[in-house]
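*Asks:* Sequence unavailable; structure follows:
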Ligand code: 5GP
């Protein structure tokens, strides 16, 4: 059976990746990997849906058990992608999306050269800062930390396979969908399909 493709999507906090992915994930053949984190839930976030919220101890236990495909420290908290559900869905032929920051993404790059990497850019850093502040869920000090972090993250964008600028939301959504579509039509992923047609 055709194996699914692993997509890794990154972009600085506030660039709109969550909104883009919420739309893209309406495709039933896409599985969103729910990350584990030690940060506190934001208002409205649900355990097991947005994240698996964990204590430091529980997270470190899972690291010791080799339970993560990747993990990283970000703004003083752990974030990681649990390995098992990702592998299971890929084996079933489903495409999997990891929405993770750049350090973790580069670990996936090293471990899984077949994965596809998409970086979402905000139209500008000042626009990003406004969006973060407008979200109203973070203290000013946290906003400043996240803007500084965004600047660092943008330095890694050139290592991704695709860049999408989230200036106009519907265009950015269409762009990400187009990337997923084109990738699943790559010849190397469809060699079995050719055989299948020849057999029929
Ligand atoms: P937030 O706290 O805003 O939800 O996420 C902060 C950052 O952590 C975002 O850049 C997000 O992409 C990243 N992130 C979320 N889950 C994971 C994960 O499982 N692994 C890594 N490396 N980063 C993650």
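*Replies:* Thanks, I have it. Everything numeric in this text was worked out from a predicted model, so none of it was measured.
*Asks:* which secondary structure elements does the helix or strand residue 120 falls within contact?
*Replies:* Using DSSP states H and E, residue 120 maps to strand 116-121. When contacts are defined as 3 or more C-beta pairs under 8 Å, 6 or more residues apart in numbering; DSSP states H and E, strand 116-121 sits against strand 6-10, strand 162-165, helix 169-184. (Each C-beta comes from the backbone N, C-alpha and C, glycine too.)
*Asks:* Now do the contacts for the spatially closest residue to residue 190 that is not a sequence neighbour.
*Replies:* The shortest distance from residue 190 to any non-neighbouring residue, by C-beta to C-beta, 6 or more residues apart in numbering, is to residue 2 (7.5 Å). The contact partners of residue 2, taken as C-beta atoms under 8 Å, 6 or more residues apart in numbering, are 93, 189, 190, 192, 193.
*Asks:* circling back to that earlier point, show me how far the strand holding residue 120 is from its chain's centre.
*Replies:* Here the centre of strand 116-121 is set off from its chain's centre by 8 Å, with C-alpha atoms, centre = their mean, to the nearest Å.
*Asks:* and the next element down the chain from it?
*Replies:* Moving toward the C-terminus from strand 116-121, the next helix or strand (DSSP H and E) is helix 125-135.
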